[in-house]
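*Asks:* turn this into a structure:
(2 chains)
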Number of protein chains: 2
Amino acid sequence: MSEKKRTEISELGEFGLIDRLTSKFATKQNSTLRGVGDDAAVVDAGNGEVLVISTDTLLEGVDFDLTYFPLKHLGYKAVTIGVSDILAMNARPEQIMLSLGVSSKLPVEALDDLYEGVHFACEELGIDLVGGDTSASMTGLVVGVTAIGRAKRESVAYRSGAQLNDLICITGNLGAAYMGLHLLEREKRVLRDVANPEPQFEGYEYLLEKYLKPRARKDVVEQLAEEGIVPTAMIDLSDGLASDMLQICRASKCGARIYLERIPIAKQTSALAEEMHADPVVAALNGGEDHELLFTVPLAMQEKVMRMGGIDVIGHITAESTGAALVTPDGSDIRLKAQGFKED
Amino acid sequence: MSEKKRTEISELGEFGLIDRLTSKFATKQNSTLRGVGDDAAVVDAGNGEVLVISTDTLLEGVDFDLTYFPLKHLGYKAVTIGVSDILAMNARPEQIMLSLGVSSKLPVEALDDLYEGVHFACEELGIDLVGGDTSASMTGLVVGVTAIGRAKRESVAYRSGAQLNDLICITGNLGAAYMGLHLLEREKRVLRDVANPEPQFEGYEYLLEKYLKPRARKDVVEQLAEEGIVPTAMIDLSDGLASDMLQICRASKCGARIYLERIPIAKQTSALAEEMHADPVVAALNGGEDHELLFTVPLAMQEKVMRMGGIDVIGHITAESTGAALVTPDGSDIRLKAQGFKED
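*Replies:* Next up, the predicted model:
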C-alpha cells in the first residue's frame, strides 16, 4: 500500500464518498425503480405497486453505548430506524429483518431483552419479523436492520421531487434526541467512579425517550394518505435538519430557505441546552436521530397540511443557485452545512 | 444483572437460540409468505410473483481476516453470499444493497477496491446495486448485505418441502473453501515474523478461489428452470453439509441418509487435507462457505437432474424418526450433528 495514493475519507465530504463508490454502477434490471441515493430502494412489484426496502447497521460504540442503552430499547429503536426509512418514502411498513452479531459472552437473557423491544415495536406498528439471523461477533454488538414496505407506484415520495416555492414541512420537534444523548453521556462521565450511581434525569424524561425509544411516524404517513397529500419530496430526519435538508436540495436540484424561529424545539430541549450552555438550534440542525419526517408539498396544500396537526412549515424551496440557507430573526442568512461522513 | 438467570448462548445449540428469540412473533401481514427460518424472507408482490429478500452481516475478525483477504475479493464474496441465499429459494437475483461500517483510518482507495469487487460481481450476475450506505465503525470493518430476488409464487423452493424418498442433490464439490481458509491461516502463522513473506499456494489455487472469490450458482437455478424442475427443498451450503442438511430435515420434518463416498470432494481439497493430516470429509461436513446448493427432488426427476451435469445425488430423504445419518463405505451409520451457533 505504501506507494499507492491515499485519500482520507474525510476529504471527500458527506456526498463525495458515496458518489465516488457507486457512480460506475449502471441499472440493468427493469424492476429497479430507484437505487442508491434515497432512504430506501424501490423495486417494482408489478400491477402498480412497489416494494420499498431499506437497510441500516447499528454498531456498538458508534451508534449506541450499552453502559446506558437498555437492550430492550435498542431493539425497539432498531425497528424505528428501519421503519422510519420506509415511511420517508411515503410507504406502508410491512416487514422487518434483523441480523445480529453478538459476542458469545452475552447471556441469552440479554438477547431476550433486545427481542422483547423488537416485538413491542412490531406489535405497535403492525409489522412482521421475517428474518432473525444471529452470528458471532469478536468485537461489539452489531445490529443489522432491513425494513420492507409497500406503496402505490405513484404515491412514492423520493428525495428528488421538491419544486420551486414548495413548502418545507416538519413533524414533531427537533434536537430532543441529541440532547437526550448528551444528558446520558454527562451522567456517565459524572458518575464514572461512583459506587452506586444515581443519575439525575428529572425533568428530562422526554429527551431520554426521544433518544432511547423514538417512535416511527407511521401516523404521519397515514394522515398524509387520508388528506390525499403526496409529498413532492420526503426524508427521515436521522442526520440533523441541515444535512437532511441538503440531501433534498441536492437530489431535487433546488435551494431552500428555513426560518430559524420556525424550527420546532421542545421545552425540555431548550431547558437542557440552557443548563449545558449549548444552543438548542445547533442541536436541531446537527443533532440527528430525531426520526421525524422532513417533507415538501406544493403551496396549494398548505391548508390541508395545517389540518393534519403537529406539522410545522419552516420554510420554502428556492432556486438551486441560491443554495440552502437558515434565516435568523434579524434577517441575516446562514449557509447550511452538512456534518460528518455518515451517509444514510 | 447479578441476580438474573444467566444462560450461555452455547447451551441452546444451533436451533435453540433463534427459536427462543422469535417464537412469540406472530405473522400479521397478508403479504408475508415466509418469515424467520429460511434462506430468505418471501413477500407477496401480487399477480403471482413474490419478492425474496435476504440479509447477512460480515464482521472483520469473524467472517474475514484483512491480513490476507483482498478487499476486492471481499466485495465480490459479499455479493455471492447475498445472492446465494436468493438462489437457494429458486429465485432470480435482481438487486443488492450494501451497508458498510468502516474505520475512518481506512483510505478511500481501500473502499474503491471493495466496490470494484462488488461491481464485478454485479456485472457477472446482471444485478443492480440499489443501496450503498457507509458509516463510521470504531472497531473493524462491517459489511451488511441485503439481496433481493423474484420468483413465481409456485416456483419458490423452501427448506420445508422435502418428501420421503426424495433424492438429495448437491452442486459442485464440498470442503474446498474450508481448506482454502486453512491454507491461508497456515501461511499467515508460518510467515508471521518473516520480513518479506512469500506464501506457498502452488497447486492449491482452486481452494483459494473457492474461499476468497466463490461464485454464486445462478447457472444452477437457470438450469433447473430450463429442465422444469422445482426442488422440493433447497438451501445454500454456507454452514457445512451436516448443519445445512439438518436445517432441511428440521424444516421438512424428515430424516436423511447421505452416502459418504458420494460426497463430491475436489482433488486439491483431498491433497491439502492429506498434507495437513486432516480428513477431507470433515471439511465437507463441517466446513461451510462453499456456497453450493443442496436440494431435494422427487425420485422421478433423477434423469432430468443427471442431464443438468455437475450435480451429484448423495443420498435420499427418510422418515423423521430415523434422523439424519451419514453412511460409511463399510455400511455403518454416523449421526449428523450441527456445529457452532451461527444461524444463517
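*Asks:* helices of chain A, residue ranges please.
*Replies:* A:9-22, A:71-87, A:108-125, A:176-190, A:205-212, A:218-226, A:241-252, A:267-275, A:280-286, A:302-308 (DSSP state H).
*Asks:* buried deepest among these, which one?
*Replies:* Each of these was scored by mean neighbour count; the highest is helix A:71-87, a mean of 26, by mean count of other Cβ atoms under 10 Å in any protein chain shown. C-betas here are computed from N, CA, C, even on glycine.
*Asks:* what's the angle from it to helix A:176-190?
*Replies:* 150 degrees (axes from the mean of the first three to the mean of the last three Cα atoms, to 10 degrees).
*Asks:* which of the helices of chain A sits closest to residue B:259?
*Replies:* Of all the helices of chain A, helix A:108-125 sits nearest to residue B:259, with 37.2 Å by Cβ to Cβ.
*Asks:* the helix-or-strand element of chain A with minimal mean pLDDT - contacts with which helices or strands?
*Replies:* In chain A, no helix or strand scores lower on mean pLDDT, DSSP states H and E than helix A:9-22, which sits at a mean of 80. Under the contact criterion of 3 or more Cβ pairs under 8 Å, 6 or more residues apart in numbering or on different chains; DSSP states H and E, helix A:9-22 touches helix A:241-252, helix B:108-125, strand B:128-136.
*Asks:* can you put those in JSON lines and add distance to residue A:146 and mean pLDDT?
*Replies:* Output for the helices and strands packed on helix A:9-22, formatted as JSON lines (distance: least, Cβ to Cβ, whole Å; pLDDT from 0 to 100):
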{"stretch": "helix A:241-252", "distance to residue A:146": "21", "mean pLDDT": "95"}
{"stretch": "helix B:108-125", "distance to residue A:146": "18", "mean pLDDT": "94"}
{"stretch": "strand B:128-136", "distance to residue A:146": "10", "mean pLDDT": "86"}
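*Asks:* got a list of what residue A:176 touches?
*Replies:* Contacts for residue A:176 (Cβ atoms under 8 Å, 6 or more residues apart in numbering or on different chains) come out as A:206-207, A:210-211, A:266, A:268-269, A:290.
*Asks:* mind checking how far the spatially closest residue to it that is not a sequence neighbour is from chain B?
*Replies:* Excluding the flanking residues, the one nearest residue A:176 by Cβ to Cβ, 6 or more residues apart in numbering or on different chains is residue A:210, at 3.9 Å. Noted for residue A:210: a distance of 21 Å to chain B, by Cβ to the nearest Cβ, to the nearest Å.
*Asks:* same question, residue A:279
*Replies:* 24 Å.
*Asks:* got it, and residue A:266?
*Replies:* 27 Å.
*Asks:* give me phi/psi at that residue?
*Replies:* phi -70, psi 150 (degrees, to the nearest 10).
*Asks:* hmm, it is touching residue A:206, no?
*Replies:* Yes. Residue A:266 is within contact range of residue A:206, at 6.4 Å (criterion: Cβ atoms under 8 Å).
*Asks:* mind listing what's buried along stretch A:191-206?
*Replies:* For stretch A:191-206, a neighbour-count test (16 or more other Cβ atoms under 10 Å in any protein chain shown) marks A:204, A:206 as buried.
*Asks:* make JSON lines out of the helices and strands packed on helix A:9-22 and add distance to residue A:278.
*Replies:* JSON lines is the format used below for those (distance: least, Cβ to Cβ, whole Å):
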{"stretch": "helix A:241-252", "distance to residue A:278": "16"}
{"stretch": "helix B:108-125", "distance to residue A:278": "33"}
{"stretch": "strand B:128-136", "distance to residue A:278": "23"}
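*Asks:* residue A:329 is nearest to which of the ones you listed?
*Replies:* Of all the helices and strands packed on helix A:9-22, it is helix A:241-252 that lies closest to residue A:329, at 17.0 Å by Cβ to Cβ.
*Asks:* and the angle from the closest one to helix A:9-22?
*Replies:* Going by the same axes, to 10 degrees, helix A:241-252 makes 30 degrees with helix A:9-22.
*Asks:* remind me what helix A:241-252 packs against, helices and strands.
*Replies:* If you count contacts as 3+ Cβ pairs under 8 Å, 6+ apart, helix A:241-252 packs onto helix A:9-22, strand A:233-236, strand A:255-259, helix A:280-286, strand A:293-297, strand A:324-327.
*Asks:* mind running it again at 10 Å?
*Replies:* Here helix A:241-252 touches helix A:9-22, strand A:167-171, strand A:233-236, strand A:255-259, helix A:280-286, strand A:293-297, strand A:311-318, strand A:324-327, going by 3 or more Cβ pairs under 10 Å, 6 or more residues apart in numbering or on different chains; DSSP states H and E.
*Asks:* ends of stretch A:41-52, how far apart?
*Replies:* 6 Å (Cα to Cα, to the nearest Å).
*Asks:* just how off-centre is it within its chain?
*Replies:* Stretch A:41-52 sits 22 Å away from the centroid of its parent chain (Cα atoms, centre = their mean, to the nearest Å).
*Asks:* can that stretch be found next to chain B?
*Replies:* Yes. Residues of stretch A:41-52 contacting chain B under Cβ under 10 Å from any Cβ of the partner chain: A:41-51.
*Asks:* in that stretch, what's buried?
*Replies:* A:41-45, A:49-52.
*Asks:* including pLDDT, could the residues you listed go into TSV?
*Replies:* Output for those, formatted as TSV (pLDDT from 0 to 100):
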residue	pLDDT
A:41	91
A:42	92
A:43	93
A:44	93
A:45	92
A:49	94
A:50	95
A:51	95
A:52	96
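*Asks:* for the spatially most central residue of chain A, give its distance to residue B:290.
*Replies:* Central residue of chain A (Cα atoms, centre = their mean): residue A:238, 2.4 Å from the mean position. Between residue A:238 and residue B:290 the computed distance is 38 Å (Cβ to Cβ, to the nearest Å).
*Asks:* next: residue A:81.
*Replies:* Looking at residue A:81 against residue B:290, where the rule is Cβ to Cβ, the gap reads 34 Å.
*Asks:* residue ranges with poor pLDDT in chain A?
*Replies:* A:1-3, A:14, A:339-344 (pLDDT under 70).
*Asks:* wait, residue A:296 sits on residue A:244?
*Replies:* No. Using Cβ atoms under 10 Å, residue A:296 makes no contact with residue A:244, being 12.0 Å away.
*Asks:* report the set of residues contacting both of those two.
*Replies:* Listed as contacting both residue A:296 and residue A:244 by Cβ atoms under 10 Å, 6 or more residues apart in numbering or on different chains are A:159, A:235.
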